[in-house]
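Enquirer: What would the 3D arrangement of this be:
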Amino acid sequence: MQRLVIACLLAMIVWMAGCGSGSPFQAPNSPFAGDYTGTWSDSTTNDTGTAKMTVALNGNVTGTIVNSTTAKNGSFSGDISSQGVASLTATYPSTAATTLKGTFAFTASGSQLIGTLQQLNSANALTGTPTFTFTKD
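Expert: Numbers count the residues shown, from 1 in each chain. Next comes the predicted model:
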């Protein structure tokens with residue numbers, strides 16, 4: 001019994017030695033981190049265009065978007081979780097900001113990043129369903 005207590009105390013000391021003096025906890029890098037270029041289309045509005053996106057190591061997103069149908073250029077920002085859940089805000093000049101929510105996932109080959117999103121206006125009404133297809137730069 002005494003040996004068991006000593007073994008447990010020794011294991012606890014070894015475990016605690018590894019806990020106290022390291023750097024602060026850092027979240028793992030986003031699996032989506034990087035720069036991307038791609039296209040998008042919206043089956044609800046029939047709009048199409050191009051986009052560029054940068055995903056930081058922490059999942060923060062910034063990007064630019066071109067609507068080829070309406071000839072408008074805009075930007076977007078927000079975040080993508082490590083599970084691919086996206087919450088973005090898109091803005092075009094002289095237009096109210098819209099919210100884009102949905103998911104991003106790599107294709108089976110890993111060569112493309114596909115975003116399936118819903119576009120919501122300020123009243124939280126669905127105004128579009130854009131799908132983005134990105135390739136890593």
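Enquirer: only C-alpha atoms for contact and neighbour calcs from this point on.
Expert: OK.
Enquirer: can you give me the helices for the chain?
Expert: Taking DSSP state H, the helices of the chain run over residues 2-17.
Enquirer: If we ignore the residues flanking it in sequence, what's nearest the most centrally placed residue in it?
Expert: Ranked by distance to the mean C-alpha position of the chain (C-alpha atoms, centre = their mean), the top residue is residue 80 at 1.8 Å. Counting by C-alpha to C-alpha, 6 or more residues apart in numbering, residue 80 lies nearest to residue 86, which is 4.3 Å off, once chain neighbours are set aside.
Enquirer: Pull the number of nearby residues for that neighbour.
Expert: Using other C-alpha atoms under 10 Å, residue 86 has 21 neighbouring residues.
Enquirer: Pull out the buried residues from stretch 34-41.
Expert: 35-41 (16 or more other C-alpha atoms under 10 Å).
Enquirer: List the contacts of the residue nearest to the centre of the chain.
Expert: Residue 80 makes contact with 32, 55, 59-61, 86-87, 104, according to C-alpha atoms under 8 Å, 6 or more residues apart in numbering.
Enquirer: swap in residue 86?
Expert: Neighbouring residues of residue 86 by C-alpha under 8 Å, 6+ apart: 78-80, 100-104.
Enquirer: go again using 7 Å as the cut-off
Expert: Counting by C-alpha atoms under 7 Å, 6 or more residues apart in numbering, residue 86 makes contact with 79-80, 101-104.
Enquirer: Next: residue 122.
Expert: Residue 122 neighbours (C-alpha under 7 Å, 6+ apart): residue 98.
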